[in-house]
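**Student:** turn this into a model:
(one chain, ligands or ions: 1)
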Amino acid sequence: MKSTLLKNCQILVEGKLEKRHLFLEDHKIAHISEEIIAADKVVDIKGKIVIPGLIDSHVHFREPGLTQKEDLESGSRAAVKGGITTVMDMPNTIPAMITVERLEEKRKLAKGMLCNYGFHFGSSLGNIEEIKRVKNVPSVKIYMDNTTGDLRMTDMDAIGHVVEQAAFCTFHAERDNLEKAIEIVTDLKKKMYACHVSLASEVALIKKNKNRVFMEVCPHHLFLTEADNERLEMLQHVKPSLKKQSDQDALWSAIGSGLVDTICSDHAPHLREEKMEKVMFGYPGVETMLPLLLDAVNNGRLSLTKVVELTSTNAAKIFGLKTKGKIEDGYDADLTVISMELTRVVKAENLVSKSGWSPFEGKALKGWPIATYVGGTLVYDGEFHEHPGKEITIERPKERVKEAVVEEEVDEKVPEEESSDVQEDAEEQVEETEEEKAPEGEKNVGELNEQENSTGTQ
Ligand SMILES: [Zn+2]
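**Tutor:** Predicted coordinates for the structure are as follows:
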């Protein structure tokens, strides 16, 4: 591959913006230079800021099965337009990703994506053997709440069995279910990833159990509240639902105190017509996440350094992407060029997701991604270019999670170290102690199909 020099970039160096030139070679950031050096191709970034490409570990790109809403290619277009260079797609497609065979099929469908990708694996009653066999997935997703047909699991023993066998689990667990999930992972001395935390009470629970829980929040819970429901009418439906101002305030203070690990879009597209017709849960989000956050930086709500940490660096650590999430020598050249000065209004006609709408339509945002590089290749700069997306490689550390030292004092600020110490998920060899249940996955899928058609999942 030819070398490229991105000259006159501003990058964050220990929290401060400094001028550097990025020499890219063989899909990597080969060298960060203060001097201009020779390269096969030179691109002048003209003093714009370059940040690590965003890693969105929670998207639903709807393929296979629901490709009228989105597909892997269209979702990846929307992602790179939003400055996202890696996505991790959820398993509640049709059919659901609960067998290794289906995952292999999905991997074939992913060829031609513009961004990098990984696929979370699903859990259901009866697929424990598949969970043991599956390779290179960022997590096994456990649905404890009521959105996704037969992927929902309510039997605590069965959930415990999945947690035991999986290298790492992400959870959709709201309210009491979050408490139950934490109990399970604590008993098994594991860590968990709590998706889309939205309530002040959930924040408080995580604060008490921070050593066991990685916390994800979503832009719509940070920038919308239940006061927006009236305006959004039928478009309002999302899981978890929009919450009160006091809940939103708790999420922002959790960001401030270092309790939040990641901000992810939970991009869950449905067509506007579909949502207007009947209750369907989910918002598209990959195109608006970074602009919303950059606008918040411009408004002094958080720092750009914090945005990078929450949208890229931490996800790379949590999910074991060793060469992503930072602009450093030897890291992958997944890069997003941003303009902090550009103001644009979110408009449906400018969105490239098949869903074609946004809950943020009409909102003027200052701060937008303007160009995106994936593995050193320009994929977006107002127009779309190459399709260099590759599957991510998950490399998890083997060490066990250290025994918890649970803070009794809930009012204390979580130390910075604790929040960034995200590399301890255990990958354990567990002896089999329970009888296997007969596989039920196949049967479940037809039911999921019907349920999907009738309600629409997130
Ligand atoms: Zn989701």
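
**Student:** CA only for contacts and neighbour counts going forward, please
**Tutor:** Fine.

**Student:** tell me the pLDDT at Leu151?
**Tutor:** We have a pLDDT of 84 for Leu151.

**Student:** actually Gly126, sorry about that
**Tutor:** Gly126 carries a pLDDT score of 88 in this model.

**Student:** for the one 10 residues further on, same thing?
**Tutor:** With respect to pLDDT, Asn136 scores 97.

**Student:** same question for Glu226.
**Tutor:** 98.

**Student:** and it, what are its phi and psi?
**Tutor:** Glu226 adopts backbone torsions of phi -60, psi -20, taken as degrees, to the nearest 10.

**Student:** list the contacts of it.
**Tutor:** By CA atoms under 8 Å, 6 or more residues apart in numbering, the contact list for Glu226 reads Ser241, Leu242, Lys243, Lys244, Gln245.

**Student:** how near is it to Leu365?
**Tutor:** Distance of Glu226 to Leu365, given as CA to CA, to the nearest Å: 21 Å.

**Student:** rewinding a little: how about CSV for the contacts of Glu226, with distance to Leu205, neighbour count and secondary structure added?
**Tutor:** Listed next are these as CSV, based on distance: CA to CA, whole Å; neighbours: other CA atoms under 10 Å; DSSP: H, G, I helix; E, B strand; the rest coil:
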residue, distance to Leu205, neighbour count, secondary structure
Ser241, 19, 17, coil
Leu242, 19, 23, coil
Lys243, 17, 20, coil
Lys244, 18, 16, coil
Gln245, 19, 17, helix
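
**Student:** and of these, the nearest to Glu349?
**Tutor:** Leu242 (24.8 Å; CA to CA).

**Student:** pretty sure the closest one contacts Pro219?
**Tutor:** No: using CA atoms under 8 Å, Leu242 is not in contact with Pro219, being 10.8 Å away.

**Student:** overlap in contacts, the two.
**Tutor:** With CA under 8 Å, 6+ apart applied, the contact sets of Leu242 and Pro219 do not overlap.

**Student:** pLDDT at Gln423, what is it?
**Tutor:** Confidence for Gln423, expressed as pLDDT, is 38.

**Student:** likewise Lys191?
**Tutor:** For Lys191, pLDDT reads 97.

**Student:** now the residue nearest to it when sequence neighbours are not counted: how far from Glu309?
**Tutor:** In space, and not counting its chain neighbours, Lys191 is closest to Arg212: 4.6 Å by CA to CA, 6 or more residues apart in numbering. Using CA to CA, Arg212 is found at 19 Å from Glu309.

**Student:** neighbour-wise, which of the two wins?
**Tutor:** Higher neighbour count among Arg212 and Glu309: Arg212, with 26 against 21, using other CA atoms under 10 Å.

**Student:** ok, now which ones touch the residue most central in space within the chain?
**Tutor:** What sits nearest the mean C-alpha location of the chain, by CA atoms, centre = their mean, is Ser57, with 2.2 Å. For Ser57, the contact set (CA under 8 Å, 6+ apart) comprises Thr86, Val87, Met88, Asp89, Cys264, Ala315.

**Student:** residues in contact with the helix or strand encompassing Ser246: which ones?
**Tutor:** Element membership for Ser246, per DSSP states H and E: helix 245-256. Residues outside helix 245-256 that contact it (CA under 8 Å, 6+ apart) are Ser198, Leu199, Ala200, Val203, Val217, His221, Leu222, Phe223, Thr225, Glu226, Val260, Leu302.

**Student:** if we use 10 Å, what do you get?
**Tutor:** 197-204, 206-207, 215-218, 220-227, 242, 257, 259-263, 301-303, 306-307, 310, 413-414 (CA atoms under 10 Å, 6 or more residues apart in numbering).

**Student:** which parts of it are buried?
**Tutor:** Within helix 245-256, the residues scored as buried using 16 or more other CA atoms under 10 Å are Gln245, Asp247, Gln248, Ala250, Leu251, Trp252, Ala254, Ile255, Gly256.

**Student:** format the CA atom coordinates belonging to that helix as CSV.
**Tutor:** Provided in CSV are the C-alpha atoms of helix 245-256 (Å, rounded to 0.1, in the frame of the first residue of the first chain):
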residue,chain,number,x,y,z
GLN,A,245,-34.7,15.6,33.3
SER,A,246,-33.5,14.3,36.6
ASP,A,247,-32.4,11.1,35.0
GLN,A,248,-30.7,12.9,32.2
ASP,A,249,-28.9,15.0,34.8
ALA,A,250,-27.7,11.9,36.5
LEU,A,251,-26.2,10.6,33.2
TRP,A,252,-24.3,13.8,32.7
SER,A,253,-22.9,13.8,36.2
ALA,A,254,-21.9,10.2,35.7
ILE,A,255,-20.0,11.3,32.6
GLY,A,256,-18.4,14.0,34.7
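
**Student:** now, of the contacts of helix 245-256, which are buried?
**Tutor:** Judged by 16+ other CA under 10 Å, buried ones among these: 197-200, 202-204, 206-207, 215-218, 220-225, 242, 259-263, 302-303, 306-307, 310, 414.

**Student:** those residues in strands, which ones?
**Tutor:** Of the buried ones among the contacts of helix 245-256, the ones assigned to strands by DSSP state E are Met215, Glu216, Val217, Thr262, Ile263.

**Student:** give me the distance between the third one and Leu342.
**Tutor:** Taking CA to CA as the measure, Val217 and Leu342 are separated by 25 Å.

**Student:** repeat that for the last one.
**Tutor:** Using CA to CA, we find Ile263 at a distance of 22 Å from Leu342.

**Student:** how about the second one?
**Tutor:** Glu216 is 28 Å from Leu342, where distance means CA to CA.

**Student:** stretch 107-114: which residues count as buried?
**Tutor:** Buried-residue list, stretch 107-114, by 16+ other CA under 10 Å: Ala110, Lys111, Met113, Leu114.

**Student:** stretch 32-49 too?
**Tutor:** With burial defined by 16+ other CA under 10 Å, the residues of stretch 32-49 counted as buried are Ile32, Ile36, Val42, Ile45, Gly47, Lys48, Ile49.

**Student:** need the pLDDT of the fourth one.
**Tutor:** When you say that, I think you mean Ile45. In the prediction, the pLDDT value recorded for Ile45 is 98.

**Student:** contacts only, for it.
**Tutor:** Ile45 makes contact with Leu5, Leu6, Lys7, Asn8, Cys9, Gln10, His21, Val337, Ala371, according to CA under 10 Å, 6+ apart.
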